[in-house]
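Engineer: Turn this into a model:
(one chain, ligands or ions: 1)
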Amino acid sequence: MATVLRLTCPQCGDVDVPIDGGRLVISGTESGSDLQFDCPRCGAAGVERLDDRAASLLMAAGICMVASSLPQHPVGGTQTSG
Ligand SMILES: [Zn+2]
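Structural biologist: Numbers count the residues shown, from 1 in each chain. Here you go, the predicted model:
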């Protein structure tokens, strides 16, 4: 029996997402993690904030984990604003 996550799609509201459809994004700098998922109903990408307890429960259930990829800031540019 597959684990199903009850999540909130920005378009559909409450949806049941199979654990295979979710990814736990590990952030090294903050406590807690983000759960990214693809809505099984409309296909939209959603994200939900999890605390450490919820995240560890999903890890125990075998969710896919990814490291958060921070955007690379260009170095040495001469861009000015203002
Ligand atoms: Zn949806």
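Engineer: now this protein, which segments are flagged as low pLDDT?
Structural biologist: 1, 28-31, 69-82 (pLDDT under 70).
Engineer: redo that, cut-off 80
Structural biologist: 1-2, 27-32, 69-82 (pLDDT under 80).
Engineer: can you pull out the strands in it?
Structural biologist: Along the chain, counting by DSSP state E, strands occupy 4-9, 13-18, 22-26, 33-38, 45-50, 64-67.
Engineer: Around the ion, which positions in the protein sit nearby?
Structural biologist: Counting by Cβ under 5 Å from the ion, the chain comes close to the ion at 9, 11, 12, 39, 41, 42, 44. Just so you know, the C-beta spots here come from the backbone N, C-alpha and C atoms, and that holds for glycine as well.
Engineer: now the residues you listed in a markdown table, with neighbour count?
Structural biologist: Shown next, in a markdown table, are the residues of the chain next to the ion (neighbours: other Cβ atoms under 10 Å):
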| residue | neighbour count |
| --- | --- |
| 9 | 20 |
| 11 | 12 |
| 12 | 14 |
| 39 | 18 |
| 41 | 13 |
| 42 | 12 |
| 44 | 13 |
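Engineer: pretty sure residue 36 contacts residue 49?
Structural biologist: No - Residue 36 is beyond contact range of residue 49, at 10.9 Å (criterion: Cβ atoms under 8 Å).
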